[in-house]
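how does the following fold in three dimensions:
(2 chains)
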Amino acid sequence: MNRLTIELPGLSLKNPVMPASGCFGFGREFSQLYDLSTLGAIMIKATTEEPRYGNPTPRVAETPAGMLNAIGLQNPGLEKVIANELEWLKQFDVPIIANVAGSQTEDYVAVAKEISRAANVHALELNISCPNVKTGGIAFGTVPETAKELTKRVKEVSEVPVYVKLSPNVTNIVEIAKAVEDGGADGITMINTLIGMRIDVKTARPVLSNRTGGLSGPAVKPVAIRMVYEVSQNTNLPIIGMGGISTVEDIIEFYLAGADAVAVGTANFVNPFVCPELIEQLDGYLEEHHIDHISDLKGRSWK
Amino acid sequence: MIQKELMTVTNQTEIAHNIYEMTLQGALVDQMNEPGRFVHLKAGDEMIPLLRRPISIARIEPEKQEFTMIYRAEGAGTNALAKKRAGDKVDVLGPLGHGFPVDEAKPGQTALLIGGGIGVPPLYELSRRLNANGVKTIHVLGFQNKEAAFYTEQFLALGETYVATVDGSLGEQGFVTDVVNKFSLKADIFYSCGPTLMLKAVEQLQAAPSGYISLEERMGCGIGACFACVCHPAQDKSGTAYLKICSDGPVFPAGEVAL
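You can find the predicted model right below:
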């Protein structure tokens, strides 16, 4: 299947499909269903310096062709992620992209410094776009200068390439993308969730305990496609595109928009076998359409 | 092992107001080894609603490769399921979660099974297995009213059965806990499934020295990956410990979860 291989900073991918952060835990649940080594990479759940329980339930609400979540970065903390989760993941032949989160610059720097030294972590994904925490997260991803500064600080300490995960909750996403490029980012992953809300018409109260949450799923795909289309034409950074992917045609669409690889998020919750299924179907699609290599499709919508 | 299969509907009947009994056939049934586990369903490949629906397993018939589930049609997902007829397909992921430990009740002992509303169904397969093991079962089933009640005859065929309805239109008027108190029901072990408030009251009954409860919760993935259905353990000094209802449960030893 060498028409699927992709080379990106820090990442030699056997195929361009990977589960998105927050939609795959640390892989344990899915390892009971299929061999994780079939994946292009794994973006593990956001890791913070200290353990976090996250927000109270309800944390998930369904919406038309999508879902809202407000998990709130629940994770066992840096020490346990390295000792238990990353150690356990070593049995698989798959590069790990570690999602790094925090409340302030120092948190991000501390996590990035340690986690980038783990043998199977081949890249970092800087989470400046989580909408579900009171401090940090999205606060770093909506002001260009702040995003640039944080990228720079993390780059200084990271042993591996740094990809920055962009928030769609901005007026001008190109401006943020250029800022993190200036800050020394090696790549971009996009998009994180769109801030949304649901109100229970019977109780007149918000459905989520956090009131607002991040919208994901097929409903957000057009927004993601538009943003990948814009950012890919205005920066030189490779892009791992995501937002509502559940079929091979969706993957093709992201490539045509300008992505270099793709991540699958919410679809893992609907069909836990979706990633290996898409990898197989993607190869079949390229064969059928006489496409020599997946990257031939990159940016075709604007080239 | 967890499998995903397009299973075939062999029967669908409305057995009470908005309560449906659906029987599905397929190889996935071979994996069903324990009462109290659940399946995660989708009517088809529609995007609205997007997510699956968790539904408990009420009866397993391995020789026919069939299982039966009982659910309430109340939203888009379950209403789509309710439209299915014999011969139609349903996308089933399962079996999921940890079920009721049947062997914790020893032959000759008595088990008290307390169910509320749509928490009643998983107790049926449990009762069948307990009785097959020589365990005497006492059932206490709670419903809103007579129209919402179901399976009372089936439970009666397996053992002593009490029914409680909130409005008194069937059986005793009141809650399941009122029935347990009124008749001073005692057992060696209890098993319970229903709304969290009911489970909390059941745990405080002390009708048996130990027991197991099965929690109901809004779920995302159903396999432990999305962290939608977490709850706090009863004992947690750190404040960051958690249990996932879908994969650590839905059945927990009584007292383990902070209700």
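
which residues does the nearest residue to residue A:177 once chain neighbours are set aside contact?
With sequence-adjacent residues excluded and distances taken as Cβ to Cβ, 6 or more residues apart in numbering or on different chains, residue A:177 is closest to residue A:231, at 4.5 Å. All C-beta atoms are positioned from the backbone trio N, CA, C, and that covers glycine. Residues in contact with residue A:231 (Cβ atoms under 8 Å, 6 or more residues apart in numbering or on different chains) are A:166, A:173-174, A:177, A:188, A:190, A:239, A:258.

can you give me the helices for the chain?
Went with chain A since none was named. Along chain A, the segments classed as helices by DSSP state H run A:28-31, A:78-80, A:87-89, A:105-115, A:144-157, A:173-182, A:221-234, A:248-257, A:267-270, A:274-288.

wrong one, I was asking about chain B
B:76-82, B:121-132, B:152-156, B:176-182, B:196-203.

strand partners of the lengthiest strand in chain B, parallel vs antiparallel please.
When chain B is parsed with DSSP state E, its longest strand is strand B:3-16. Strand B:3-16 pairs in its sheet with strand B:19-25 (antiparallel), strand B:89-96 (antiparallel), by DSSP bridges.

so what touches the shortest one?
Pointing back at strand B:19-25 there. Against strand B:19-25 from outside (Cβ under 8 Å, 6+ apart): B:7-15, B:58, B:64-73, B:78, B:81-82, B:84, B:90, B:92, B:118, B:148, B:150.

for the closest residue to residue A:159 other than its chain neighbours, give me its contacts.
Excluding its sequence neighbours, the residue lying closest to residue A:159 (Cβ to Cβ, 6+ apart) is residue A:116, at 4.2 Å. Residues near residue A:116 by Cβ under 8 Å, 6+ apart: A:98, A:124, A:157-160.

and the residues you listed, which two are the farthest apart?
Farthest-apart pair in the contacts of residue A:116 is A:98 and A:157; separation 13.2 Å (Cβ to Cβ).

the two - which one has more neighbours?
In this view residue A:98 and residue A:157 are compared by other Cβ atoms under 10 Å in any protein chain shown, and residue A:98 has more residues nearby, 31 against 16.

quick one: contacts for the more buried one?
Neighbouring residues of residue A:98 by Cβ under 8 Å, 6+ apart: A:44, A:47, A:81, A:86, A:115-116, A:118, A:121, A:123-125.

just the buried residues of those residues.
A:44, A:47, A:81, A:86, A:115-116, A:118, A:121, A:123-125 (16 or more other Cβ atoms under 10 Å in any protein chain shown).

tally of neighbours for the residue lying closest to residue B:14 once chain neighbours are set aside?
Excluding its sequence neighbours, the residue lying closest to residue B:14 (Cβ to Cβ, 6+ apart) is residue B:20, at 5.5 Å. Residue neighbour count, defined by other Cβ under 10 Å, stands at 21 for residue B:20.

can you check residue A:134 too?
Residue A:134: 10 neighbours (other Cβ under 10 Å).

returning to what we had before: of all the helices of chain A, which one is nearest residue B:224?
helix A:28-31 (4.5 Å).

before we move on, back to that, closest to residue A:245 out of the contacts of residue A:98?
residue A:125 (16.5 Å).

can you check the pLDDT for the residue lying closest to that closest one once chain neighbours are set aside?
Closest residue in space to residue A:125, ignoring its immediate chain neighbours: residue A:99 at 4.5 Å, by Cβ to Cβ, 6+ apart. Residue-level confidence at residue A:99 comes out at 97, pLDDT.

residue contacts, residue A:99?
So residue A:99 contacts A:21-22, A:43-47, A:124-125, A:127, A:165 (Cβ under 8 Å, 6+ apart).

please repeat the previous calculation with a cut-off of 6 Å.
Residues near residue A:99 by Cβ atoms under 6 Å, 6 or more residues apart in numbering or on different chains: A:21, A:43, A:46, A:125, A:127.

confidence score at the third one?
Translated: residue A:46. Reported pLDDT for residue A:46: 96.

and what of the last one?
Looking at residue A:127, its pLDDT reads 95.

my guess is it contacts residue A:97, does it?
No. Assessed by Cβ atoms under 6 Å, residue A:127 is found out of contact with residue A:97, at 11.2 Å.
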